[in-house]
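*Asks:* Kindly generate the corresponding structure for this input.
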Amino acid sequence: MLEEIGEQPAGLERTIREERAKVERLGASLKNRGIDLIVLAARGSSDNAALFGRYLLEITTGIPVSLSAPSVHTLYGARLNLQHALVVGVSQSGEGEDINRVLELARESGAATLGITNEPSSSMVSLTDESLIMHVGKEKSVAATKTFTGQMMLFYMLAAALSENGHDLKYDLIPEYAARAMESREEISRLVERYVFMENCVVVGRGLLYANAYELALKLMETCYVVAERFSSADFLHGPVAMVERHFPVILFAPPGATQSGVKELMERLNLMHADMLVITDDVNTAKLASRAIFVPAEIEEILAPIPYIIPGQFFAALLAEAKGLNPDTPRSLSKVTRTL
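*Replies:* Numbering: from 1, shown residues only. Next up, the predicted model:
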């Protein structure tokens, strides 16, 4: 897991280089087709990447995006009208049976279908109209890291290709930001000792980094066996904040931009409750509100922050697992490919 975290900058750069021309052709084709709805189908970490994709695509293209409920198709046999939709399956292996079934039925209903995967010879590639491949290398750790950020990168590229207003995402900068985020490893290796006995926590993010909260919580659950709830900073105040008591651990993503003031307001409230706060941020004033802070590279626009901000979270989960005497590469009861219908 630690090795694969370190491979992300190079993998992201390869993905941009190898898939750019294909994504640009795909974007032009989809614009001509008059797509007015995008549906994303995924499970696990891929579903968290899709959650990010929803925010990014809606913000940059104006096209409504829905997260698919695969059970609607696989258990209840519903047939949806998707003639003017793009249905995107997101899967590390390309072998998720329920996701592939959603894609098959969507294609039958007249939708354009797209697969995002790390396996060019997978079933997903053979049954979709087009596929985008992560060029991050084979992922051996059960806990996904480089395929998660690889999927996010392909969503950046797709969003740029579909944007009608010339939105310049500047996603070429992300591999360098990711490389700079690697510098947090040594600091985190010292920090995790404070959390060795943590059994429960809350992870908070909002907007473009809402998916980061989901992904870090998943990593803590599967590698450290920590019960990790995840919330938007807005939703957290609508009831769940009541669970917080003295020294209760709360991990927060606080990037620059539209969500930062709301996260800081939540942190001020949590300070009154004497919560233990760990914040991932580039802002010194935000860090002062927390018990501990992990700093990421400064001057990253909010829209480009999700990938460099999740890397410290990945390090935190992997290094905390080791500090707890666990092997993050082989979590109990899990396998690399999970098949569900």
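
*Asks:* hey, where'd the helices end up in this protein?
*Replies:* Using DSSP state H, the helices of the chain run over residues 2-6, 8-33, 44-61, 70-74, 97-108, 123-127, 146-162, 174-181, 185-191, 210-224, 233-236, 260-272, 284-288, 306-323.

*Asks:* mean pLDDT lowest for which of those?
*Replies:* Here the lowest mean pLDDT among those goes to helix 233-236, at a mean of 79.

*Asks:* Does anything pack onto that helix? Which helices or strands?
*Replies:* In terms of contacts (3 or more Cβ pairs under 8 Å, 6 or more residues apart in numbering; DSSP states H and E), helix 233-236 is packed against strand 200-205, helix 260-272. The way it works is simple: take the backbone N, C-alpha and C, and place the C-beta from them, glycine included.

*Asks:* For it, list every residue counted as buried.
*Replies:* Residues of helix 233-236 classed as buried: 233, 236 (neighbour count, 16 or more other Cβ atoms under 10 Å).

*Asks:* ok, and what's touching that helix?
*Replies:* Helix 233-236 has contacts (Cβ atoms under 8 Å, 6 or more residues apart in numbering) with 202, 204, 205, 206, 252, 259, 262, 263, 266.

*Asks:* send the alpha carbons of it over as CSV?
*Replies:* What follows is helix 233-236 as a C-alpha-only set of coordinates in CSV (Å, rounded to 0.1, in the frame of the first residue of the first chain):
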residue,chain,number,x,y,z
SER,A,233,-19.5,19.6,7.4
ALA,A,234,-23.0,20.9,6.9
ASP,A,235,-24.8,17.6,7.5
PHE,A,236,-22.6,16.9,10.6
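
*Asks:* quick check, distance from that helix to the centre of its chain.
*Replies:* Helix 233-236 has its C-alpha centroid displaced from the chain centroid by 18 Å (Cα atoms, centre = their mean, to the nearest Å).

*Asks:* measure residue 314 to residue 72 for me?
*Replies:* In this view, residue 314 and residue 72 are 32 Å apart by Cβ to Cβ, to the nearest Å.

*Asks:* and what of residue 89?
*Replies:* 15 Å.

*Asks:* Over to residue 306?
*Replies:* Distance from residue 306 to residue 72, by Cβ to Cβ: 28 Å.

*Asks:* Tell me which of the two has more neighbours.
*Replies:* Remark: of residue 306 and residue 72, residue 306 carries more neighbours, 28 against 14, as counted by other Cβ atoms under 10 Å.
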